[in-house]
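Visitor: With the sequence up front, the predicted model follows.
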Amino acid sequence: MKTTQPQDSNERNGPWYTHFYMWLVVGIPVLSVVVCAALIYTAVTKSDDLVRDDWYMDGKTLKQDLSRDLLSTKLGLKATAQFGPGQSIQLQVQSDQPYAFPRQLHLDGFHPIHASLDEQATLTQISDGVYQGKWSRAPLKGKYYIELTDGKWRLRQAAEFPLTTLEMLPPPMVH
């Protein structure tokens, strides 16, 4: 009568790398290290875009400078922008008060999420209150915050592009 000796349990179940529980115990920490490394890389290489507006620190309080908005309200400014084919812009600005318009105005389009999609245009006066210019790169697509300024006053408006006409009015002010 032959007697067989019991085999070692490792030999019966195969090599170590074929065991499910070994991969479960090792896999979860390895996966968490890989995900953590990817998140650290993303945090270091992708900077946050800053929100643009006239905010400043005064002691320990945060205040918004509304002086440019107040001046546009006081002057009774309103503007109508016509966006032509391609990058062309024609703008007409009107004022309820006597005002000598500058030779150039700046029209900026701020994308709400990506600063890399922001656009700007320098508009040159072609007649009294009428300006003409072009976007710096390409026509806008999607939601943008449009700001028209001469440095002393500003008009702001949210818009969904593409569009052909945009009316810009001063913000309602609470006194």
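Guide: It's in.

Visitor: So what's the gap between the helix or strand hosting residue 29 and the chain middle?
Guide: In this structure, residue 29 sits in helix 20-45 according to DSSP states H and E. Centroid separation for helix 20-45 versus its chain: 31 Å, with CA atoms, centre = their mean, to the nearest Å.

Visitor: Let me know the pLDDT of the residue nearest the centre of the chain.
Guide: In the chain, the centroid-proximal residue (CA atoms, centre = their mean) is residue 113; its distance is 2.7 Å. Predicted confidence (pLDDT) for residue 113: 85.

Visitor: Doesn't it belong to a helix?
Guide: No: under DSSP: H, G, I helix; E, B strand; the rest coil, residue 113 falls outside any helix and is assigned coil.

Visitor: before we move on, the earlier item: what about the helix holding residue 29, average pLDDT?
Guide: Helix 20-45 comes out at a mean pLDDT of 93.

Visitor: what residue ranges in this structure are flagged as low confidence?
Guide: 1-13, 49-64, 173-175 (pLDDT under 70).

Visitor: again, only using 50
Guide: Applying pLDDT under 50 to the chain picks out residues 10.

Visitor: all strands for it, in order.
Guide: 55-58, 61-64, 78-83, 88-94, 104-110, 119-127, 130-134, 142-149, 154-161, 165-168 (DSSP state E).

Visitor: out of the ones you listed, which comes closest to residue 70?
Guide: With CB to CB, the closest approach to residue 70 among the strands of the chain belongs to strand 154-161: 10.3 Å. Every C-beta, even on glycine, is put in place using the N, C-alpha and C of the backbone.

Visitor: Kind regards, and thank you for your time.
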